[in-house]
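**Student:** Quick check, what structure comes out for this input:
(one chain, ligands or ions: 1)
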Amino acid sequence: MTRPDILAVAREQVLEQGVGLDEPQVLEVLRLPDDRIEEALALAHEVRMRWCGPAVEVEGIVSIKTGGCPEDCHFCSQSGRFETPVRAVRLDIPGLVQAAKETAATGATEFCLVAAVRGPDARLMEQVRAAVSAIQAEVPINIACSLGILTRDQGEELAQMGVHRYNHNLETARSHFTEVVTTHTWEERFETLQLVRELGMEVCCGGIVGMGETLEQRAEFAGQLATLEPDEVPLNFLDPRPGTPFGDLEPIEAKDALRAIAAFRLALPRTILRFAGGRELTLGDIGTRAGVLGGINAMIVGNYLTTLGRDPREDLELLDELSMPIKALAETI
Ligand code: SF4
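**Tutor:** Predicted coordinates:
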């Protein structure tokens, strides 16, 4: 007996019933022939429209501590262990409030404070507290944080400050993690994510595709993310940074990136799926259009921390052209 076609199965299971594809099913999508990629993206788009609606979430991101991180994530130009051209910069509180205002002016609903650390120390927590309260006093925007591995006390403190969402990426499949990071474990990351969920903050958790994982591991990663039921998944494609251990890896091919976008959306029908770093490199100018017509429903405006993204106006004009409204703040609270 021939196996049922995976896209026909996905149409019934994911589109009609809202049940995401499991790991073996994701693998089938990742293995689709080139001439079926368009069909997979079209179905992913239908799923996103059915289960998330047409609105696109726009987010801003700002670094509050850049570079000099003690960890050794092999893709990261902010690790202090590799010779990379990243320089430390710090924004003061008025600078952060200004950045939040500029972000809100684009229609963005989330503003994420990011620090390159293993986890926050007392001084960083103090700075975050000051930044969050200054932004809350002046700017109508949700605040997210990405500060690494948290203790329970730190998680409670962030929740109590009113931090709306916490980002911590699992980065890759559990079975591939030790090829990517040796200074902390996948399980440590997972525990922080469980803590964030338990404390009532939204969970933002994604990773990077194209770090030497097999297709099976890419499917495993999608399955592990789905288990976590994250509110948001930032999907990155490796942008090999000079000086990092992954600096010489080849970026994945555009068609593999498109298969991954479709497959992750079909595994995560209700999640906010965001294009994060690496999309220009992997997908070029067609990338944003292909993504938002293939299951993506969030984007970052402005810089991606250490590499320059596109001009936000181009992305916002594209949403206008496609009649996809920017998600309003009231819908996100
Ligand atoms: S913990 Fe974060 S900032 Fe530090 S090296 Fe890893 S990815 Fe980079």
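**Student:** Show me what the biggest strand by length in the chain is packed against.
**Tutor:** Assignment by DSSP state E gives strand 57-65 as the longest strand of the chain. Packing contacts for strand 57-65, counted by 3 or more Cβ pairs under 8 Å, 6 or more residues apart in numbering; DSSP states H and E, involve helix 93-105, strand 110-115, helix 122-138, strand 272-275, strand 298-301. Any C-beta I mention is one placed from the backbone N, CA and C, and that applies to glycine too.
**Student:** Select, out of those, the one closest to the ligand.
**Tutor:** strand 110-115 (7.9 Å; Cβ to the nearest ligand atom).
**Student:** show me the contacts for whichever residue of the stretch 101-250 of the chain sits closest to the ligand.
**Tutor:** Nearest to the ligand in the stretch 101-250 of the chain, going by Cβ to the nearest ligand atom, is Ala116, at a distance of 3.5 Å. Ala116 makes contacts with Ser63, Lys65, Thr66, Gly67, Gly68, Cys69, Cys76, Gln78, Ser79, as judged by Cβ atoms under 8 Å, 6 or more residues apart in numbering.
**Student:** was I right about the third one contacting Cys76?
**Tutor:** Right, Thr66. No: in this structure, Thr66 is not within contact of Cys76 by Cβ atoms under 8 Å, at 11.3 Å.
**Student:** Between these two, which is the more surrounded one?
**Tutor:** Neighbour count, other Cβ atoms under 10 Å: between Thr66 and Cys76, Cys76 has more, with 25 against 19.
**Student:** per-residue confidence at that one?
**Tutor:** What the model reports as pLDDT for Cys76 is 91.
**Student:** cool, Gln160 as well?
**Tutor:** Looking at Gln160, its pLDDT stands at 96.
**Student:** Output those of the contacts of Ala116 also counted as contacts of the ligand.
**Tutor:** When contact is defined as Cβ under 6 Å from any ligand atom, those meet the ligand at Cys69, Cys76, Gln78, Ser79.
**Student:** In those, find the pair that's most separated.
**Tutor:** Cys69 and Cys76 (7.1 Å; Cβ to Cβ).
**Student:** Show me which residues of the stretch 1-150 of the chain are close to the ligand?
**Tutor:** Residues of the stretch 1-150 of the chain lying near the ligand (Cβ under 6 Å from any ligand atom): Cys69, Glu71, Cys73, Cys76, Gln78, Ser79, Ala116, Arg118, Gly148.
**Student:** give the contact list for the nearest residue to the last one once chain neighbours are set aside.
**Tutor:** Closest residue in space to Gly148, ignoring its immediate chain neighbours: Gly119 at 4.3 Å, by Cβ to Cβ, 6 or more residues apart in numbering. Remark: with contacts taken as Cβ under 8 Å, 6+ apart, Gly119 is in contact with Leu147, Gly148, Ile149, Leu150, Thr151, Gln154.
**Student:** quick one: contacts for the residue nearest the centre of the chain?
**Tutor:** With distances taken as Cα atoms, centre = their mean, Pro234 lies nearest the centre of the chain, 1.3 Å away. By Cβ under 8 Å, 6+ apart, the residues touching Pro234 are Asn167, Asn169, Cys204, Gly206, Arg274, Phe275, Ala276.
**Student:** re earlier: turn the helices and strands packed on strand 57-65 into a markdown table, including mean pLDDT and mean neighbour count.
**Tutor:** Below are these laid out as a markdown table (pLDDT from 0 to 100; neighbours: other Cβ atoms under 10 Å):
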| stretch | mean pLDDT | mean neighbour count |
| --- | --- | --- |
| helix 93-105 | 88 | 17 |
| strand 110-115 | 92 | 24 |
| helix 122-138 | 94 | 15 |
| strand 272-275 | 88 | 25 |
| strand 298-301 | 81 | 24 |
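**Student:** how about the strands in the stretch 201-333 of the chain?
**Tutor:** Assigned by DSSP state E, counting those that start in this stretch, the strands in the stretch 201-333 of the chain fall at 202-204, 207-209, 232-237, 272-275, 298-301.
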